[in-house]
Each structure stands twice: as C-alpha cells, then as structure tokens.
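Enquirer: I would like to see how this sequence folds:
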Amino acid sequence: MNPFAPIGRGILDMLAAIGRFSAFCGRAVAAAVSPPFFFGQFLRQCMQVGYFSLPVVGVTAVFIGAALALNIYVGGARFNAEQFVPNIVVLGITRELGPVLAGLMLAGRVSAGIAAEIGTMRVTEQIDAMTTLSTDPFKYLIAPRLLAATVTLPLLVLVADIIGVMGGYLVAVNSLDFNGAAYLRNTFEFMEPQDVGLGLVKAAVFGFIIAAVGCYQGFRSSGGALGVGRATTSAVVVAIVLILATNYLVTAFFVE
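Expert: Take a look at the predicted model:
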C-alpha cells in the first residue's frame with residue numbers, strides 16, 4: 001500500500017541496469033586494449049559499420065545541409081541577415097547536425113544489427129560454444145565492434161560535414177542566388193578547427209555508445225526469436241536516448 005514503493009523499485013532497477021551496463025563496458029574496453037587482437041574481425045566490422053553506412057549518411061547529410069540553408073535564409077531575411085547563411089550552415093553542421101544525425105542513423109542501422117547478430121548467437125548457444133572452445137567472446141565479438149564503431153564514425157562524420165556543407169552550397173547558389181565563390185570564402189573564413197574537432201569528438205563518443213549498447217543488448221538477450229527482437233528494439237531506443245543526452249553533456253563541457 002506504500003505509494004512510494006513502485007518509485008523506489010523503479011529507481012533501484014535503473015541503478016542496477018546502469019551498473020550492469022558500466023561493468024559490461026569496462027570489461028569490453030579491457031578486452032579491446034589487451035592481446036590477443038583479432039584484426040580480421042576488426043577490419044570486417046570497419047567495413048560493416050563504416051563503408052556500408054556511407055550511402056545513408058551521405059544522403060542524409062546532403063538533404064540536411066540543403067534544408068538548413070533554406071531555413072536559415074528564410075529566418076535571416078526577416079532581419080536582412082541573409083549573408084550569414086554560409087556561416088550558420090557550416091557551424092550547425094560541423095558542431096551539431098553532422099555528428100548527431102550520423103549517430104542517429106547508425107543507431108538505427110548498426111546498433112540494431114549488432115544486437116540482432118549477437119543476440120542470435122546467444123540464443124542459439126554459439127557464444128557458449130565459443131567459451132567452451134577457450135575463445136573469449138569479449139575479445140572476438142565485442143572488442144572489434146567497439147573499436148570499429150569508435151574509429152569509423154568520426155570518419156563518417158567528416159565526410160558528412162563536407163557533403164552537408166556542399167548541400168547548403170548547392171541550394172544557396174542555385175536557388176537563393178548566392179555567389180558561389182563568396183559563399184565558399186565565407187564558409188572557410190568562419191569555420192574554425194575547434195568546430196570540426198568538437199564534432200569528431202562527439203562522433204567517437206557516439207560510436208562507442210552505439211556499439212556498446214548493441215553488444216550489451218544482444219549479449220544479454222534470451223527467450224528465442226522474441227528475445228532477439230526485444231533486444232534489437234531496446235538497442236535502438238537506448239542508443240538514441242544516450243546519444244542525445246551525451247550530445248548535450250559534451251557540448252556543455254566544451255562551451256564552458
């Protein structure tokens with residue numbers, strides 16, 4: 001009959017989940033930095049996470065850059081500030097939209113795929129068989145995915161920044177009657193190295209989150225196909241929430 005009992009149970013369950021996830025990440029990081037290293041698995045995961053994600057990230061970036069330029073032009077026209085379109089476009093894409101949107105796209109593609117793959121191996125007892133054969137699943141399955149996502153997502157974000165800025169350039173020049181040379185000159189003069197650096201730091205953190213959440217949900221899945229589906233859904237939702245929360249924390253840290 002205590003009305004606070006459900007609240008207390010919910011908080012304790014949340015703290016327990018945070019503890020389990022933190023312990024999992026600690027063990028995964030330890031496995032990633034200690035031998036033996038499975039370079040073949042690492043390169044394979046780099047292809048899966050990075051190369052095969054490039055089309056969807058590139059398409060997303062070009063349309064976001066184009067839409068951002070249009071919206072900034074409309075807003076700036078109300079204050080006769082249309083000339084600031086290239087400045088705000090490059091700042092918004094490099095510091096915020098590039099890493100966040102790339103992270104969200106990979107959360108839906110990569111985190112779900114990792115959770116489904118490892119979850120299937122868990123429910124079909126392949127991970128148990130791997131342990132029986134004296135192969136550490138954290139070194140063979142978790143560490144390569146964690147390293148691949150952390151390394152390749154900054155590269156994807158760098159490409160997305162370039163494509164997004166060019167998307168804004170194309171709209172500004174072809175639809176908004178901007179001078180192409182002046183647009184690019186304003187872009188490069190306004191952009192600073194710390195803007196790009198902040199986006200790449202965010203991308204590395206997001207890549208770690210995406211891989212860690214996918215591996216954790218898949219590794220703990222149970223209950224056959226239903227459990228794998230549940231783990232896949234949870235991986236996407238948790239990864240997106242953590243990306244958005246971490247984005248604010250990293251931004252606040254660098255701004256202060």
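Enquirer: spatially speaking, which residue is in the middle of the chain?
Expert: residue 103 (2.4 Å; CA atoms, centre = their mean).
Enquirer: let me see the backbone angles for residue 4.
Expert: phi -90, psi -10 (degrees, to the nearest 10).
Enquirer: give me the distance between it and residue 224.
Expert: 37 Å (CB to CB, to the nearest Å). Any C-beta I mention is one placed from the backbone N, CA and C, and that applies to glycine too.
Enquirer: more neighbours: which of those two?
Expert: Using other CB atoms under 10 Å as the criterion, residue 4 and residue 224 rank with residue 224 on top: 12 against 7.
Enquirer: contacts only, for the more buried one.
Expert: Applying CB atoms under 8 Å, 6 or more residues apart in numbering, one finds that residue 224 lies in contact with residue 123.
Enquirer: ok, it to residue 122 distance?
Expert: On the measure of CB to CB, residue 224 and residue 122 end up 10 Å apart.
Enquirer: same check, this time on residue 153
Expert: For residue 153 relative to residue 122 (CB to CB), the value is 25 Å.
Enquirer: tell me which of those two has more neighbours.
Expert: Taking neighbours as other CB under 10 Å, residue 153 and residue 122 compare with residue 153 leading, 31 against 21.
Enquirer: that one reaches residue 206, doesn't it?
Expert: Yes: counting by CB atoms under 8 Å, residue 206 is a contact partner of residue 153 at 6.0 Å.
Enquirer: got any residues that touch both of these two?
Expert: 102, 103, 106.
Enquirer: separation between the last one and residue 64?
Expert: Here residue 106 is placed at a distance of 15 Å from residue 64 (CB to CB).
Enquirer: compare these two (neighbour count), which wins?
Expert: Between residue 106 and residue 64, counted using other CB under 10 Å, the more crowded position is residue 106 (31 against 22).
Enquirer: can you tell me the SS state at the closest residue to that one other than its chain neighbours?
Expert: Excluding its sequence neighbours, the residue lying closest to residue 106 (CB to CB, 6 or more residues apart in numbering) is residue 210, at 5.4 Å. Here residue 210 is recorded as helix under DSSP: H, G, I helix; E, B strand; the rest coil.
Enquirer: distance of residue 210 from residue 165?
Expert: As judged by CB to CB, residue 210 and residue 165 stand 24 Å apart.
Enquirer: more neighbours, those two?
Expert: The residue with more neighbours, out of residue 210 and residue 165, is residue 210; 32 against 27, by other CB under 10 Å.
Enquirer: run through the residues that contact that one.
Expert: Residue 210 neighbours (CB under 8 Å, 6+ apart): 103, 106, 107, 110, 111, 149, 153, 239, 243.
Enquirer: my read: the third one touches residue 243, true?
Expert: Yes: contact status for residue 107 versus residue 243: in contact at 6.2 Å, counting by CB under 8 Å.
Enquirer: buried sites along whichever strand or helix holds residue 189?
Expert: Assigned by DSSP states H and E, residue 189 belongs to helix 180-190. Residues 183, 184, 186, 187 are the ones in helix 180-190 that count as buried (16 or more other CB atoms under 10 Å).
Enquirer: now, which of the residues you listed sits nearest residue 116?
Expert: Nearest to residue 116 out of those is residue 187 (CB to CB; 40.3 Å).
Enquirer: quick one: that closest one and residue 90, what's the gap?
Expert: 5 Å.
Enquirer: intersection of neighbour lists for the two?
Expert: With CB under 8 Å, 6+ apart as the test, residue 187 and residue 90 both reach residue 165.
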